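> Any chance you can model this:
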Amino acid sequence: MLKIGVIVGREWSWPPAFIEEVNQRNEGVIAEYAKLGGTRMNEPCEYAVIVDRISHEVPYYRSYLKNAVLQGAHVVNNPFMWTADDKFFEASLATRLGVASPKTVVLPNKDYVPGIVHNESLRNLLFPVPWKEHVDYLGGFPIILKDAHGGGWKNVNKINSFEELWARYNESGLLTMVMQEFIQWDNYVRCMCLGQDDILVMKYDPDNRRYMPHDLSPEMHERIVGDCRKLVQALGYDMNTVEWAIKDGVPYAIDFMNPAPDMDVNSLSLPFHRWCVEHMAALCIRLAKEPQPQGVELRWSRFFGGQGAPAAEAQTPKRKPAARKPRAKKAA
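This next block holds a predicted model:
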């Protein structure tokens, strides 16, 4: 019997619904919570597929998952890519892919680990930071200041003055912060991207964190879905969300490094939650039954050396969609 292992944290609604959905399909694949108690080097992995929802907060899990890939398991999402990603790199990558993205600047840290002596260890850093030049590059205030590696809207600040910028920056501690052009959007959507091909477009209220059916024109919907696929295929993510701020008919990719996206029923509402449950079940069953090597080569390495491929050439081949049987909807 092929097995899918699920690694989770505190979330309570999506994991049991996903496990139940996989197991009741009776396709020769079972899902369960993975149980880990220390891992020996080159230890075989009992799972064909592992769904990772929490290793960004539990370092041992990340080490386990890298070994699991080495043993042939397919990990959603690839732990090698997730380790390397950050919001500054994603902004540069989006531009290379031909996807609109706000101008972004990454900043030196405010504080450092013990052992860093500021006047000796940081001799390569300019002091003071050329704040005015950076803000001018971003188009002036307001701007966004946020953690380059954060998620869940943590440590995200809308900044309206240098005094406010310096105050929030001085509170950032060991975090690496980015400043980003603020897009005064006309519409805002968030897209759940599963398997690098299935894209669920949802209207999103970032202030109240509410999801609704989208109200996009067919042309805008098609453009956003196409741009989502470019991004997740380049990143190699099988599970991600992409946020778009739409201004004057242009969708700007605001945040697309969300490899453990919120799938909670209270956040998404039941219909969107069920979409995530059923599509993830179909994806993981297919990955278990039709094993494919999980490439750890960086899919964006084609851009190294400053050589940028046209956006159309930058896409990797699409995977075939997972077959899904019609099912009656039910509560998770």
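> Now do the contacts for the residue nearest the centre of the chain.
Closest to where the C-alpha atoms of the chain average out (CA atoms, centre = their mean) is residue 258, at 2.2 Å. Going by CB atoms under 8 Å, 6 or more residues apart in numbering, residue 258 touches 151, 240, 241, 242. No exception for glycine: its C-beta is placed from N, CA and C like everyone else's.
> ditto for residue 62
Each residue near residue 62 by CB under 8 Å, 6+ apart is listed here: 55, 56, 79, 82, 83.
> Averaged pLDDT, the host helix or strand of it. What do you get?
Using DSSP states H and E, residue 62 falls within helix 59-70. The average pLDDT within helix 59-70 is 96.
> how distant is it from the center of its chain?
Here the centre of helix 59-70 is set off from its chain's centre by 18 Å, with CA atoms, centre = their mean, to the nearest Å.
> just stretch 34-52 next, same as before
Averaging C-alpha positions (CA atoms, centre = their mean) puts stretch 34-52 23 Å from its chain's average.
> just for the protein, where's the confidence low?
Residues of the chain meeting the criterion pLDDT under 70: 152, 295-301, 306-332.
> most surrounded residue in the contacts of residue 258?
Highest neighbour count within the contacts of residue 258: residue 242, with 32 neighbours (other CB atoms under 10 Å).
> Tally up the residues packed near the residue nearest to it when sequence neighbours are not counted, please.
The spatially closest residue to residue 242, leaving aside those adjacent along the chain, is residue 256, at 4.1 Å (CB to CB, 6 or more residues apart in numbering). By other CB under 10 Å, 28 other residues sit near residue 256.
> Could you check how far residue 256 is from residue 179?
According to CB to CB, to the nearest Å, residue 256 stands 18 Å off from residue 179.
> contacting residues for the closest residue in space to residue 172 that isn't next to it in sequence?
Leaving aside its sequence neighbours, residue 172 sits nearest to residue 110 (CB to CB, 6+ apart; 4.9 Å). Residues in contact with residue 110 (CB under 8 Å, 6+ apart) are 169, 170, 171, 172, 173, 174, 175, 177.
> Give the partner strands of the following helix or strand past the helix holding residue 62 in its sheet and their orientations.
Counting by DSSP H and E, the next helix or strand C-terminal to helix 59-70 is strand 74-76. Note on strand 74-76: by DSSP bridges, its sheet partners are strand 49-52 (parallel).
> mind saving the C-alpha coords of stretch 143-161 as CSV?
Backbone C-alpha positions of stretch 143-161 (Å, rounded to 0.1, in the frame of the first residue of the first chain) are rendered in CSV as follows:
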residue,chain,number,x,y,z
ILE,A,143,5.9,52.1,0.8
ILE,A,144,5.7,48.6,2.3
LEU,A,145,8.3,47.3,4.7
LYS,A,146,8.2,43.5,5.4
ASP,A,147,10.2,40.5,6.3
ALA,A,148,11.9,39.0,3.3
HIS,A,149,11.2,35.4,4.7
GLY,A,150,7.9,36.0,6.4
GLY,A,151,4.4,34.9,5.8
GLY,A,152,0.9,35.2,7.1
TRP,A,153,1.0,39.0,6.9
LYS,A,154,3.5,39.1,9.9
ASN,A,155,5.8,42.0,10.1
VAL,A,156,4.2,43.8,7.2
ASN,A,157,3.9,47.6,7.6
LYS,A,158,2.6,50.4,5.4
ILE,A,159,5.1,53.3,5.8
ASN,A,160,4.3,57.0,5.2
SER,A,161,7.4,58.8,6.3
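> which parts of that stretch are buried?
The neighbour-count criterion (16 or more other CB atoms under 10 Å) identifies 143, 144, 145, 146, 147, 148, 149, 150, 151, 155, 157, 159 as the buried residues of stretch 143-161.
> Mind checking which of those land in strands?
Among the buried residues of stretch 143-161, the members found in strands (DSSP state E) are 143, 144, 145, 146, 147, 157, 159.
> CSV for these, including distance to residue 126?
As requested, those are exported to CSV (distance: CB to CB, whole Å):
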residue, distance to residue 126
143, 20
144, 22
145, 19
146, 22
147, 22
157, 23
159, 21
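> Can you list phi and psi of the residue nearest to residue 172 for me?
Backbone torsions of residue 110, given as degrees, to the nearest 10, read phi -80, psi -40.
> in the stretch 201-332 of the chain, which spans are helices?
Remark: helices assigned in the stretch 201-332 of the chain by DSSP state H, counting those that start in this stretch are 218-235, 265-268, 270-289, 311-314.
> Quick check: which of those has the most neighbours on average?
helix 270-289 (a mean of 21; mean count of other CB atoms under 10 Å).
> Relative to residue 146, how far out is residue 128?
21 Å.
> what domains does the record give for this structure?
The chain resolves into domains spanning 1-84+272-303+320-332, 86-100+183-258, 103-181 when parsed by automatic domain parsing.
> Nice, that's everything, thank you.
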